[in-house]
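Asks: Starting from these lines, generate the structure:
(chains A, B and C)
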Amino acid sequence: MINTKLPTIWYGGDYNPDQWPEQIWHEDMELFQKAGINVVTLPVFSWAKLQPSEDEYTFEWLDKILDLIAANGIYACLATSTAAQPAWMSRKYPEVLPVDIDGRKRTHGSRVNFCPNSKVYREFSVRLAAKLAERYHEHPSLLIWHIGNEYGPHCYCGQCAAEFRVWLQEKYGTIEELNKQWNMSFWGHTVYDWADIVPPTNLNGDNRCFQSMTLDYKRFMSDSILACYQGEYNAVKRITPDIPVTTNIWGLFNGLDLHKWGQHMDVVSWDSYPQMNEPMSNVALRHDYMRGLKNGQPFMLMEQTPSQQNWQPYNSLKRPGVMRLWSYQAVARGADTVMFFQLRRSFGACEKYHGAVIEHVGHEDTRVFRECAQLGAELKELGDTLLDSRLASKVALLFDIDTWNAVEITSGPSVDLDYAKQAQKYYKAFYDQNVGVNVISPLSDLSGYDIVAAPVFYMLKPGVADRVKAFVRAGGTFVTTFFSGIVNENDLVTLGGYPGELRDLLGIWVEEIDSLPPEMKNRIVMAAPGFGHLAGEYACGLLCDLLHVESAKPLAVYGDDFYAGMPVLTENAFGQGKAYYVAADAEERFVADLCRTLCEQSGVAAPFRADSGVELTQRHKGSRTFTFVLNHNKDKANVYVDRKYRDLLSKREIAPAGAVEVEAYGVLILEEV
Amino acid sequence: MINTKLPTIWYGGDYNPDQWPEQIWHEDMELFQKAGINVVTLPVFSWAKLQPSEDEYTFEWLDKILDLIAANGIYACLATSTAAQPAWMSRKYPEVLPVDIDGRKRTHGSRVNFCPNSKVYREFSVRLAAKLAERYHEHPSLLIWHIGNEYGPHCYCGQCAAEFRVWLQEKYGTIEELNKQWNMSFWGHTVYDWADIVPPTNLNGDNRCFQSMTLDYKRFMSDSILACYQGEYNAVKRITPDIPVTTNIWGLFNGLDLHKWGQHMDVVSWDSYPQMNEPMSNVALRHDYMRGLKNGQPFMLMEQTPSQQNWQPYNSLKRPGVMRLWSYQAVARGADTVMFFQLRRSFGACEKYHGAVIEHVGHEDTRVFRECAQLGAELKELGDTLLDSRLASKVALLFDIDTWNAVEITSGPSVDLDYAKQAQKYYKAFYDQNVGVNVISPLSDLSGYDIVAAPVFYMLKPGVADRVKAFVRAGGTFVTTFFSGIVNENDLVTLGGYPGELRDLLGIWVEEIDSLPPEMKNRIVMAAPGFGHLAGEYACGLLCDLLHVESAKPLAVYGDDFYAGMPVLTENAFGQGKAYYVAADAEERFVADLCRTLCEQSGVAAPFRADSGVELTQRHKGSRTFTFVLNHNKDKANVYVDRKYRDLLSKREIAPAGAVEVEAYGVLILEEV
Amino acid sequence: MINTKLPTIWYGGDYNPDQWPEQIWHEDMELFQKAGINVVTLPVFSWAKLQPSEDEYTFEWLDKILDLIAANGIYACLATSTAAQPAWMSRKYPEVLPVDIDGRKRTHGSRVNFCPNSKVYREFSVRLAAKLAERYHEHPSLLIWHIGNEYGPHCYCGQCAAEFRVWLQEKYGTIEELNKQWNMSFWGHTVYDWADIVPPTNLNGDNRCFQSMTLDYKRFMSDSILACYQGEYNAVKRITPDIPVTTNIWGLFNGLDLHKWGQHMDVVSWDSYPQMNEPMSNVALRHDYMRGLKNGQPFMLMEQTPSQQNWQPYNSLKRPGVMRLWSYQAVARGADTVMFFQLRRSFGACEKYHGAVIEHVGHEDTRVFRECAQLGAELKELGDTLLDSRLASKVALLFDIDTWNAVEITSGPSVDLDYAKQAQKYYKAFYDQNVGVNVISPLSDLSGYDIVAAPVFYMLKPGVADRVKAFVRAGGTFVTTFFSGIVNENDLVTLGGYPGELRDLLGIWVEEIDSLPPEMKNRIVMAAPGFGHLAGEYACGLLCDLLHVESAKPLAVYGDDFYAGMPVLTENAFGQGKAYYVAADAEERFVADLCRTLCEQSGVAAPFRADSGVELTQRHKGSRTFTFVLNHNKDKANVYVDRKYRDLLSKREIAPAGAVEVEAYGVLILEEV
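Replies: Residues are numbered from 1 along each chain as shown, chains lettered A, B, ... in the order given. Now for the predicted structure:
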């Protein structure tokens, strides 16, 4: 349980009372009660109000708010308010303002607009966090700490450059080692003095000449920003050791090494803003990824919109029922909170068209409020039933930020290669079967899984190949693709033939990598009689490896071009297990048929059968198992249960005979009777 | 009459004799005579020639030119030449060079490339204007003053920032008020010192975090540039109080608050450069807008090209007859001048491929020259007949630069919402019926109109709602659309339910605003038996309001989605009049049918019937009415007159029997016999 | 012969041993032997290794390498290594870093990233070149000097601005002359002091206001960069007067005046990287252009990829046989070397996915290596047979960098006008007939040609028109197009009617130039009975001249629009020859039919007939003629010889009966028996 003070699924969200007169606060309390809201996140952006000048702090207005919510039985997700420094700080200490990758010094304004290596920023932010902890450590409403907000942007200023050099010295020890690991003799970039190292920049046309350097800079930035977070973490932890601490991650992105960050968060929290018409499997992947940052521990859905967003090109309303459905999807995949941005809609500035529980009209008689209140009532009814329950997946998808960055900044072979999309494609193949997947770091423990998928396993960090081999040797099934095993952790190619360290595991040698423009395709022709569900032909393209089997068995060959007849899908028996290699970017149908085959081979299966578009997951707690049924279709759909269940939401019992209907956007939480 | 010295439609244009040897000047005079040219605009860009160094002025060459044109009976639209400062000024006083929104200091060159808050620029420009006035105030050729040229670009330098703070202090008085009006507690932007205010910039990724600030900066820039104009205006006016003063506006754009500027111009003048394949209704709208800047007073067509432009992607020739047609269109909509850029085509630099009356070949035996000379002869023949006649429109379209800017910089709900396009769409519905429209500021007097249209009436400044209500109460017809009544003049949302101050007038409450991507549509389903010409179904999209009628009557409902059946067109009886609300972006056919219906309901009609593509307007002068017939088709077309007319151009009489043929690109100016 | 030391087609390429441990060097030597490699280019990017600090030079590692290759019978294309300065230099002397056209100072890194007017860069680079020459002037492996690498990028810094003013003073003498030649009275840009001249910049929105200035700046930059090259040239030439010197040109681009550069190179060399799916005629044009830079003297193919590139969006593999085919194409068009980038593939940094003779796998058992070795064996077998043979073309295509730049920076009439594409279009018409073309400067000697084509002959430098007239007068055939004869060498329009100085030669007057958007077309309607192969109708567009014939005869007229019936193709008898004018951008079929007709008229023909896609060229040496047959089809194709030949590659004899089959991507080098 995140905090035993509130033993239920937390329900609430971002609240900005400082934007409103006090009279509105009281209206809010009433409306919060009606909506079943039990937690408010604040003050996320009030540094300027809390510290009007360098030497002055003003907490009185916050005291009042916290007392008011406490009086109303509401808890605080207490933010340290450090994501936007006050204007006086930017003016008095211009060093706090960052420089972008084009070498341009930014001016004051916006948010998360500070240099993470600014000593001034670090000192002031830690001091504020400490003051908040000192003042409120005994406040009854204090539930959890929320550090900063959506950390992310990188800085390229002089103080960052200086710190980068220190970071590099710690990593490499000698300049000779750096020259070697960055292959600096290329284009005559050998350096003899740490001072000669200049951060990557777009000023020279491209920040990706030296991928090793760019990668290291990204790692350094992630570490620098993490140090900002840690400074505040330590400050509040010192005073309130028992209060959990988090910061809200703004989704799956490659600006921070989130697997590393997860280790420094007591509970992971994140903000879920699906793009318009994004497949639900992508959202599911993100939930699974967040859950994986702390080894399956329940996470917080810190933000989602009750109705619409404002910063997408087209900000459609969530259709009736969708907000509830997506809230349960988060819970179904491991969230123990359902929280919104925002509780009351701003009346000015750039988020005034972002949806809120309380709309501009200011009363409760709106579709949005009614849906929020219904969900609030349901969650209250669920109480602590689901809390701390865990998912148990037999499939792991390896996902790594460094690999993402390395693939993104590579020069060649194809601009269309997108690491995240490849991960999404393989993830979707399992998702569509309702097979649970853990999205984990390649450095994670693989024992306990039946299948490990690692599409575009481009970068192999030390020990990773051995770990995967041990997994397969022990009977696991491993599947990877083209552009794997190519480089080490510094983006240096593993010489001696692709896929480098994976060559024996996969039993192949990739001689060449062809790159196809989007309009050009090849064919995957299955060898008779096919392989499980795989049969006949499939389209492929993007990158096509020209490979030779060594110990592997070809299961399919290319149908076209001068490499027609060369293997494109191979299977290699390795110890007790098998390793599969997909040598080209295959169409979705191929990946689906392949993954279905591998799941059947390994005995991995969905809880029961369901119509397309119906998502199923299971959370386990002691001996209890909760099966979530989420109908993402805008029409009703069926599930086909084989046992007797009770739905925790409707309290209905469900018999195993024939099809069970789920309403459009409907949700069931089933427990076996 | 703009100036009684020249009691005819002025005919001429920009002339740059300083780019040519004197011998050419004499050839020009001869050719001007042949073309019927009676006014030349100069010296628009000769500051460096007039003031070769800080302390030296050289007017002798200009004396010679002015004497020469005077000797040839030609008048001068005398320019102050301040749109491009000399290089020595930029070098000696770098503060005159502006900084762009990306924080980049510009270098010398190009034009309108100065900081409007530069004291050096202001002093030097006013001094030059004064010197010109002192020298030429008694010159017989002096007809009108032309200040600067196509004012527009904004600056973001330090001196502008400082002046902005002064401007804000004057507007808001206290920093508390500014914090409130900009909602600065959002994202913790509260400031405590005027010095903490930083102008909007793109350096932080987006200059639109604080729409209120960005709007104010745009207003401040418009005011700053206006102050440049006013400085020169006062300088020349002091010496030549009876000579009219203008500056040429470069079309309908949102960089200057032109309604405010209009108040400071003795006569409005503008430069008409339609984009390739632009609908003629857009050009008509711009003429009407310019006419509206000084309450219907005749304006000047200061520039148009005789043949082709150079700065568009594809610079097609105006087809034979089109230059004449478009010239008369300007006159038909209120212009009392027809002027060109340029009289002789430059032989070097970036406008050498811009058309001119005298082409590079240098003689009169060209199609372009012949067309110009024919028009010159016609205008001479028309004499003062049309001068000072006025248009009388019963329909007003409200158009507001601040609203345009506010809609443009809003974050959400849709990037595709384009204020100007919505205005053009409604304008076109009237234009296509040949119903005259005044394009006016929402702050204008509305009495006298039968119909007021205000599409996307997003921002309501103080008093505007009351004014519209008074208009409707007195019997007027008002039509507005989705995204109206949302914010006040500082872009703060009017709380309590959209459309805010218009809620009672329209008798509706808009609960939510859905945003549709371009590929998604809804349907407008008319309630039986339809409403006037409106019947059946129409497509709609972009933004779709989910609204509830309060006192209004639904005339149509949505056909699709979860809000199918909700009203999408409503009518509300209010006092003696009616207010209509179009809740979504409807297809053009709907707007046409709606506006036709409203016109018929109000008894507003075209002078007579005409084939499609034939534009009709009327100018009135005392008891005389001149009806312009403009055939924009590349084929002949008919008009169907019901009385007997005489065509002022051909001197033909036209009988009311059956169809009267107008040649392709033909023009008639009819007066009832 | 480039260097008699190596009397064969040089075969080899870029080699970077400094990126590899010494052990690999020995493996390389073995592999080079197997591949038939006899020349390596190095050290292209080793300045930092050669000069670790300002006062220290370290040549020992290079000594070792050079000795090793010498011991293996391999020669060195010895690079001066000055394309990327060491980091210490950029840090210690920031003036070496350039400023881009947006006014942004670049930081250290990447390559060719120096200010060409930096005195520090010039001194250090010349000193290094001299030191290399001093050390290696007697080294047996020294074959040729390779200065810098792919010179090109322009700088816009203060020292460049200062030097530009000096360059201008030398060119124009007085500021008055500059004002005149740049038409500075336009937009009031007259300057009175050299210090007032500011280089072109994008900071003011567009660097093309003053085309004359922008053109001059480009010329100045080409000269500045050439001075860098010349400094090194002189340094090595002083010590090794008999060793040829070159620098590698990176293709046909408009950043350097390559015709001027050619005069300063002992042998021209260039890097051939066709874009994906680029027509082979474009590649042929580039070879012909390079050959033309030194009047037909054999050139060096300095770089091409053995397999794939890394910096294109999609980096496809060269299909089997294509590398060989393209290598012979270079030879067929005048190359006496076949060289690669690179010999061993890098394992880190941005070119690690660029193909190489030795792939990452490190051994010889790859498709790529086998193809390289096969070609190496063939070239060895050819020995000196082809060396110093010349092509003999009767057709010249005039091509000029200044014209290219002038057309590119012009404002109007159409953004789609692309000088290089027009040249490619006319070139292709000859190429497709297998008629040899010399691509030459308009300042070249035209005697000896039968046909001279000059599409978009926009800019006429002094004397050029006279030279063309003399050519036609003497019996030559000249063909040019729309947008010709418009401006002089400073981009000032030649007044008095287009096409200016060509008006009498062509016998026409172009009154107007219409610009058509892409979706709009006109028709070319041939006058009966047609003209040679030209008959019926063709499409045209882009720019359409409205012209009047004076002495010319119309061969075709426009079919549409208001200028239907006006001539669009004219022929003018002039002296003993004829001059043709194509007044609009005609479809490819028209240009093909026209050029075929002109060739037949002039008796210019292919060596013999060949199927489509088969390229034929001839190199002559004394009495011997070598006919290259290059089948670019991916299927076999035929040639139809009329004499008996022997193929130098297969040693086969070929009889003149019927069709001779050439395999897919196949090559024959035929000599008459």
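Asks: Quick check: the gap between the one residue in the stretch 101-250 of chain A that gets nearest to chain C and chain B.
Replies: For the stretch 101-250 of chain A, the nearest residue to chain C under the criterion CB to the nearest CB is residue A:183, separated by 2.9 Å. In short, each C-beta sits where N, CA and C put it, glycine included. Distance from residue A:183 to chain B, counting by CB to the nearest CB, to the nearest Å: 34 Å.
Asks: contacting residues for the closest residue to that residue other than its chain neighbours?
Replies: Nearest non-adjacent residue to residue A:183, counting by CB to CB, 6 or more residues apart in numbering or on different chains: residue C:348, 2.9 Å away. Under the criterion of CB atoms under 8 Å, 6 or more residues apart in numbering or on different chains, the contact list for residue C:348 reads A:182-183, A:186, A:211-212, A:490-493.
Asks: Checking my notes, residue C:348 in a helix, right?
Replies: No. Assessed by DSSP: H, G, I helix; E, B strand; the rest coil, residue C:348 does not belong to a helix; its assignment is coil.
Asks: Backbone torsions only: list them for it.
Replies: Residue C:348 adopts backbone torsions of phi -150, psi 160, taken as degrees, to the nearest 10.
Asks: swap in residue A:582?
Replies: For residue A:582, the backbone dihedrals (degrees, to the nearest 10) come out as phi -110, psi 110.
Asks: That one contacts residue A:478, correct?
Replies: No. In this structure, residue A:582 is not within contact of residue A:478 by CB atoms under 8 Å, at 11.7 Å.
Asks: And those two? Which one has more around it.
Replies: Neighbour tally, residue A:582 and residue A:478, criterion other CB atoms under 10 Å in any protein chain shown: the higher count belongs to residue A:478, 28 against 24.
Asks: Please list all residues in contact with the more buried one.
Replies: Residues near residue A:478 by CB under 8 Å, 6+ apart: A:451-454, A:468, A:471-472, A:505, A:577-580.
Asks: Okay, and which of the residues you listed map to helices?
Replies: Within the contacts of residue A:478, membership in helices is found for A:468, A:471-472, A:505, as judged by DSSP state H.
Asks: Turn these into TSV, including pLDDT and neighbour count.
Replies: What follows is the ones in helices among the contacts of residue A:478, written out as TSV (pLDDT from 0 to 100; neighbours: other CB atoms under 10 Å in any protein chain shown):
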residue	pLDDT	neighbour count
A:468	98	26
A:471	98	25
A:472	98	22
A:505	98	26
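Asks: Closest one to chain C out of those, please.
Replies: Taking CB to the nearest CB as the measure, chain C sits nearest to residue A:505 out of the ones in helices among the contacts of residue A:478, at 17.5 Å.
Asks: Give me the phi and psi for the spatially closest residue to residue A:410 that is not a sequence neighbour.
Replies: What sits nearest to residue A:410 in space, not counting adjacent residues and going by CB to CB, 6+ apart, is residue A:211, at 6.3 Å. Recorded main-chain torsions at residue A:211 are phi -60, psi -30, according to degrees, to the nearest 10.
Asks: how deep is residue A:211 tucked in, by neighbour count?
Replies: Should you count by other CB under 10 Å, residue A:211 turns out to have 27 residues around it.
Asks: same deal with residue A:106?
Replies: Residues near residue A:106, counting by other CB under 10 Å, number 22.
Asks: Surely it is in contact with residue A:113?
Replies: Yes. Taking contact to mean CB under 8 Å, the distance of 5.9 Å between residue A:106 and residue A:113 places them in contact.
Asks: got any residues that touch both of these two?
Replies: A:97-98, B:204.
Asks: Which of those scores worst on pLDDT?
Replies: Comparing pLDDT over those, the lowest score belongs to residue B:204 (89).
Asks: State the distance from the nearest residue to that residue once chain neighbours are set aside to residue B:444.
Replies: Beyond its immediate neighbours in the sequence, the residue positioned closest to residue B:204 (CB to CB, 6+ apart) is residue A:110, lying 4.3 Å away. Spatial separation of residue A:110 from residue B:444 under the definition CB to CB, to the nearest Å is 38 Å.
Asks: Please apply the same query to residue A:4.
Replies: Residue A:4 is 65 Å from residue B:444, where distance means CB to CB.
Asks: So between these two, which is more surrounded?
Replies: Comparing residue A:4 with residue B:444 by other CB under 10 Å, the one with more neighbours is residue B:444, at 18 against 9.
Asks: all strands for the stretch 151-300 of chain A, in order.
Replies: When assigned using DSSP state E, counting those that start in this stretch, the strands of the stretch 151-300 of chain A occupy the ranges A:245-246, A:248-249, A:269-271, A:299-303.
Asks: Next, format those strands as a markdown table and append mean neighbour count, mean pLDDT and distance to residue A:135.
Replies: Shown next, in a markdown table, are these (neighbours: other CB atoms under 10 Å in any protein chain shown; pLDDT from 0 to 100; distance: least, CB to CB, whole Å):
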| stretch | mean neighbour count | mean pLDDT | distance to residue A:135 |
| --- | --- | --- | --- |
| strand A:245-246 | 22 | 98 | 17 |
| strand A:248-249 | 26 | 98 | 22 |
| strand A:269-271 | 24 | 98 | 23 |
| strand A:299-303 | 27 | 98 | 23 |
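Asks: possible to save those strands as CSV with distance to residue A:28?
Replies: As requested, these are exported to CSV (distance: least, CB to CB, whole Å):
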stretch, distance to residue A:28
strand A:245-246, 24
strand A:248-249, 22
strand A:269-271, 22
strand A:299-303, 18
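Asks: Is the helix or strand hosting residue A:422 in proximity to chain C?
Replies: Secondary structure from DSSP states H and E places residue A:422 in helix A:419-431. No. Residues of helix A:419-431 are not located near chain C by CB under 8 Å from any CB of the partner chain, the shortest gap being 15.6 Å.
Asks: What helices and strands are in contact with that helix?
Replies: Helix A:419-431 is packed against helix A:280-292, strand A:395-398, helix A:401-409, strand A:437-440, helix A:588-602, with contacts defined by 3 or more CB pairs under 8 Å, 6 or more residues apart in numbering or on different chains; DSSP states H and E.
Asks: hmm, 7 Å instead?
Replies: For helix A:419-431, the contact count by 3 or more CB pairs under 7 Å, 6 or more residues apart in numbering or on different chains; DSSP states H and E identifies helix A:280-292, strand A:395-398, helix A:401-409, helix A:588-602 as packing neighbours.
Asks: Indicate which one of those is closest to chain C.
Replies: Distances from chain C to each of the helices and strands packed on helix A:419-431 were compared using CB to the nearest CB; the shortest belongs to helix A:401-409, at 9.0 Å.
Asks: What segments of the stretch 451-600 of chain A are helices?
Replies: Taking DSSP state H, counting those that start in this stretch as the criterion, the stretch 451-600 of chain A carries its helices at A:464-473, A:503-506, A:588-602.
Asks: Can you check what angle separates the last one from helix A:419-431?
Replies: This points to helix A:588-602. Comparing the axes of helix A:588-602 and helix A:419-431 via axes from the mean of the first three to the mean of the last three CA atoms, to 10 degrees yields an angle of 50 degrees.
Asks: quick one: buried residues of helix A:588-602?
Replies: Residues of helix A:588-602 classed as buried under the neighbour-count rule (16 or more other CB atoms under 10 Å in any protein chain shown) are A:590-599, A:602.
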